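Q: Okay, here's the prediction I keep looking at, along with the sequence it came from:
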Amino acid sequence: MLDLRNAENVVIIGGGTAGWLSSFFMLELFPRATITVIESLSVSTVGVGEGTYRNFRAILDRFSINEDEFFKETEASIKLGIGYRNWKKDSSDYIHFFHDHLLTKLSKIKVNGIELAWPLIGYNSSHIPSSSPYQKFIDEKCSDLNQVINYIRENDLKTRYGYHFNAKKVADYFKKLAIKKGISYITGHVNEIQLTENKGVSSILLEDGRILETDLVIDCTGMRRAISSKVDGFEFKKFDHLLVDQALGFFLPHEVTGFSLLTEAIALKNGWMWIIPTQTRSGCGYVYSSKHCSEEEAKQEIQQYFGSKIDFPISHKFEAGAQTKPFNKNVVSIGLASGFVEPLEATSIAQTISQLNDFATLVTKSGYAIPQKHIDYLNERTFNAFSEAAKFIHMHYLGGREDTNFWKDMASNANNHNELNQIVASLKTRLPRDIDSSSSHTRPQLYFTEFSYFSIYRSLGLISDQVIFNEISAIDSSLLQELSGEIKSILSTV
Ligand SMILES: Cc1cc2nc3c(=O)[nH]c(=O)nc-3n(C[C@H](O)[C@H](O)[C@H](O)COP(=O)(O)OP(=O)(O)OC[C@H]3O[C@@H](n4cnc5c(N)ncnc54)[C@H](O)[C@@H]3O)c2cc1C
C-alpha cells in the first residue's frame, strides 16, 4: 500500500507540458504539501506536441484558466478534427471530425449492439458524409478565429473541439500560472535518487549537490525516463509493428501552408507530415521511418513538397511503446515518460490528461492510502490505452497504398500482427462495436469511440457496403420501421 495521507513533499521532475499539467493536479490533490517542479536547463523540452484532443478544454475549466487569456498567451487556435490527405490508394481525402451532430443524435438508437446511425449514413458512400456543425467553416476555409469561437460559445459546443497551440508558449504560460498558484520551481539536473527498499524514492539528488526529500515523485522527464527507469520493476514494452521512429520539426508562415481549423495529416513516401496552424504560424513535421529513408532524403522530400529551402530546427528519434508499470512504488510517470505511440491522432497530451485524471480519482477515492491492487488496475488501464492507440493508429496505414517499401511493410506488419489481423477480419463480417475499443475488462483511459473507428475504417475502404447491408438486414423489419420514424424526426431537426 502507498500511504500518502501525510505527504509533505511532492516532487515533479520536468518542465514540459506534462510537468506543468501535473503541477496543477498536485496542487489540487496535496494542498498542504510543498510541491516542487525541477527542470533541467541542460535538457530541452521536446518542443513539439501542438495539436490536442477534445479533453484539453476541460483542463482550462478544472483549473479556472480563462480561455481568452489562454488564446492570447499561447497563440492557440481552434482544432475541429484532422484532415487526411493521400492515405488511400485512390488519393482521395477524408476528415476525422471531433463532432458530428447527426451521428451524435442518431447514436442514441442502438440495435444489435451497434449504433444504427453508422450503417444507415455510411451505406453507399465512400466516406461518411459529414453533418458536422463545423463543416461550413471548413468549406469556407474560415480563417476568422473569433467567428468560430463565437459560434462554439453560442451553441455551447464546449467539449467538441481541441486546440492548435505553440508548445513552448503553453509551457511558459502554465509555468507562470503554477508559480502564482504556489508551486516551488527550481532549475537543476537530477543526477541520482535515493531508494528505500519498499517505499520507492526517498530523496532526489541534484547535480550541484542539493538534496530534496520526497514522499511522491512525478517523473515528467520525457523519453529519458530519468527517474522511473531507475526503480525496480521498470519495464518498457515496444510497439514494434509501427515503423515511424524519427521526426523532423519545422515552422512555416501561413502564406506557405494556408490556415486551417483542421490538423493536416499528409501521407508521404516514408511516413506522414503534420501541419498545425496556430494564430501566427504553422508548426509542421515529417514523421518517418528511419529504416526506410535517411534524414537527408526526408528533408529533400519536404523541400520538394513546398518547392523551397526549409530549416529544420527540431529532430527527434523516438520509440513507440509504453511502460507496463507507470505507477511504480511512489513514482508516477506522466507524459512521454510513461509512453508514446506516434503523433498521429494527437493521443499523447490527451493520454497525459487522462492519466492525471485517473491518478487524482484513485488518490481521493482511496483516502490517500492506496492498496496495491488499485495501482495494478491503473497500470493495466494505462498500458491498454497506449496499446489500443497503437493498433488504431496502425489501422490508418491500411488504405491500400503500396507505392513504397514503407507502405508495403506497414501492411505486412499488420498482416503478421495477430490482433490487427483480427480487427481487419472482423470488419469483413461486421461493423465496429463499443467492446472493440477495449481489449480487456479494464477499459483504456484514452479510447476512441466506435464513431472514430467507423469514420476511419469506412473512409479507408475497410468496411464494405455488403457488411453494412448485412447489419441492416439483420434488424427485425418491424423494429426497423418503428425506428425509421424516430430517425426521420431526428433528421428533420439537424
Ligand atoms: C514528433 C512528435 C510529435 C508530437 N506531436 C504531438 C501532437 O501533435 N499532439 C500531442 O498531444 N502530442 C504530441 N507529441 C507528444 C508531446 O510532445 C508530449 O506529450 C508533450 O510535449 C509533453 O512532453 P513531456 O513534458 O512529457 O516531455 P518533454 O517536453 O521532453 O520535457 C521533459 C522535461 O524533463 C526535463 N528533464 C529531463 N531529464 C531531466 C533530469 N535528469 N533532471 C531534471 N529535469 C530533466 C527537461 O528539462 C524537460 O523540461 C509529439 C511528440 C513527438 C516526439
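A: All right, it came through fine. For clarity, every value in this text was computed on a predicted model and none was experimentally measured.

Q: Check which residues of the top helix by length along the chain are buried.
A: Counting residues, the longest helix found in the chain (DSSP state H) is helix 372-395. Of all the residues in helix 372-395, those buried under the rule 16 or more other C-beta atoms under 10 Å are 374-375, 377-395. Quick note: C-beta positions are derived from backbone N, CA and C, even for glycine.

Q: try stretch 221-240
A: Those would be 221-229, 231, 234, 236, 239, for stretch 221-240 by 16+ other C-beta under 10 Å.

Q: now, among those residues, which is nearest to Asp90?
A: Asp90 lies nearest to Phe239 out of these, by C-beta to C-beta, at 28.3 Å.

Q: Let me see the contact set for the closest one.
A: Phe239 makes contact with 320-322, 341, 386-387, 390, according to C-beta atoms under 8 Å, 6 or more residues apart in numbering.

Q: Roughly how far does it sit from Phe386?
A: Separation of Phe239 from Phe386 (C-beta to C-beta, to the nearest Å): 8 Å.

Q: Overlap of the contact sets of the two?
A: In terms of C-beta under 8 Å, 6+ apart, Phe239 and Phe386 are both contacted by the residues 321-322, 341.

Q: what about the strands in the stretch 101-250 of the chain?
A: For the stretch 101-250 of the chain, the strands defined by DSSP state E, counting those that start in this stretch occupy 110-111, 114-115, 162-164, 184-187, 190-196, 200-206, 211-213, 216-219, 236-238, 246-252.

Q: would a markdown table of those with distance to Ile35 and mean pLDDT be doable?
A: Output for the strands of the stretch 101-250 of the chain, formatted as a markdown table (distance: least, C-beta to C-beta, whole Å; pLDDT from 0 to 100):
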| stretch | distance to Ile35 | mean pLDDT |
| --- | --- | --- |
| strand 110-111 | 44 | 60 |
| strand 114-115 | 43 | 60 |
| strand 162-164 | 25 | 95 |
| strand 184-187 | 7 | 97 |
| strand 190-196 | 16 | 93 |
| strand 200-206 | 13 | 96 |
| strand 211-213 | 12 | 97 |
| strand 216-219 | 9 | 98 |
| strand 236-238 | 27 | 98 |
| strand 246-252 | 31 | 97 |
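
Q: tell me which parts of this structure are close to the ligand?
A: Applying C-beta under 6 Å from any ligand atom, one finds that the chain approaches the ligand through 13-19, 38-40, 43, 45-46, 48-52, 167, 189-190, 220-222, 224, 226, 247, 285, 287, 316, 318, 335-337, 343, 346, 348-350, 352.

Q: at 5 Å what do you get?
A: Remark: the part of the chain in contact with the ligand comprises 14-18, 39-40, 43, 45-46, 48-49, 51, 189-190, 221-222, 224, 226, 247, 316, 318, 335-336, 343, 346, 348-349, using C-beta under 5 Å from any ligand atom.

Q: for Leu27, what are its contacts?
A: 35, 178, 181-183.

Q: Mind checking which of these are buried?
A: In the contacts of Leu27, burial by neighbour count holds for 35, 178, 183, counting by 16+ other C-beta under 10 Å.

Q: so the second one sits right up against Ser184, yeah?
A: No. Using C-beta atoms under 8 Å, Ala178 is not in contact with Ser184, being 9.8 Å away.

Q: Need the overlap of contacts for these two.
A: In contact with both Ala178 and Ser184: Val37, using C-beta under 8 Å, 6+ apart.

Q: quick one: contacts for the residue of the stretch 301-450 of the chain found nearest the ligand?
A: Of all residues in the stretch 301-450 of the chain, the one sitting closest to the ligand is Gly335 (2.6 Å; C-beta to the nearest ligand atom). Neighbouring residues of Gly335 by C-beta under 8 Å, 6+ apart: 14, 16-19, 21-22, 220, 222, 348, 352.

Q: Arg281 now?
A: Applying C-beta under 8 Å, 6+ apart, we find Arg281 in contact with 251-254.

Q: Compare those residues and tell me which is most surrounded.
A: For these, counting by other C-beta atoms under 10 Å, the largest number of neighbours falls to Phe251: 20 neighbours.

Q: Tell me the spacing between it and Gly285.
A: Between Phe251 and Gly285 the computed distance is 10 Å (C-beta to C-beta).

Q: Per-residue pLDDT of the closest residue to the residue of the stretch 301-450 of the chain closest to the ligand other than its chain neighbours, please?
A: Leaving aside its chain neighbours, Gly335 sits nearest to Ala18 (2.4 Å; criterion: C-beta to C-beta, 6 or more residues apart in numbering). pLDDT recorded at Ala18 is 97.

Q: Enumerate the positions of whatever helix or strand Ala18 lives in that are buried.
A: Element membership of Ala18 [criterion: DSSP states H and E] is helix 17-29. Judged by neighbour count using 16+ other C-beta under 10 Å, the buried positions of helix 17-29 are 17-27, 29.

Q: Please name the nearest non-neighbouring residue to Gly49.
A: Spatial nearest neighbour of Gly49, chain neighbours left out: Ala167 (5.1 Å); criterion: C-beta to C-beta, 6+ apart.

Q: burial measure for Gln303, as a count.
A: For Gln303, the count of nearby residues is 13 (other C-beta under 10 Å).

Q: Which SSE is immediately downstream of the helix or strand hosting Gln300?
A: Secondary structure from DSSP H and E places Gln300 in helix 295-306. Sequence-wise, the next helix or strand downstream of helix 295-306 (DSSP H and E) is strand 314-317.

Q: Enumerate the positions of that next one that are buried.
A: Of the residues in strand 314-317, those buried (16+ other C-beta under 10 Å) are 314, 316.

Q: for that strand, packing partners?
A: The contact analysis (3 or more C-beta pairs under 8 Å, 6 or more residues apart in numbering; DSSP states H and E) places strand 314-317 against strand 246-252.

Q: For the helix or strand following the strand it packs on, give the mean pLDDT please.
A: Later in the chain than strand 246-252, the nearest helix or strand by DSSP H and E is helix 254-257. Here helix 254-257 scores 95 as its mean pLDDT.

Q: who touches helix 254-257?
A: If you take C-beta under 8 Å, 6+ apart as the criterion, helix 254-257 is touched by 143, 264, 275, 277, 281-282, 284, 306, 308.

Q: Adjacent strands (with direction) for whichever strand or helix holds Val10?
A: Using DSSP H and E, Val10 maps to strand 9-13. For strand 9-13, the pairing partners within the sheet under DSSP bridges are strand 34-39 (parallel), strand 216-219 (parallel).

Q: one step back: in terms of distance to the ligand, which of the buried residues of stretch 221-240 ranks first?
A: Among the buried residues of stretch 221-240, Gly222 lies closest to the ligand (C-beta to the nearest ligand atom), at 2.6 Å.

Q: where does that closest one sit relative to Ala390, distance-wise?
A: Computed as C-beta to C-beta, the Gly222 to Ala390 distance reads 19 Å.
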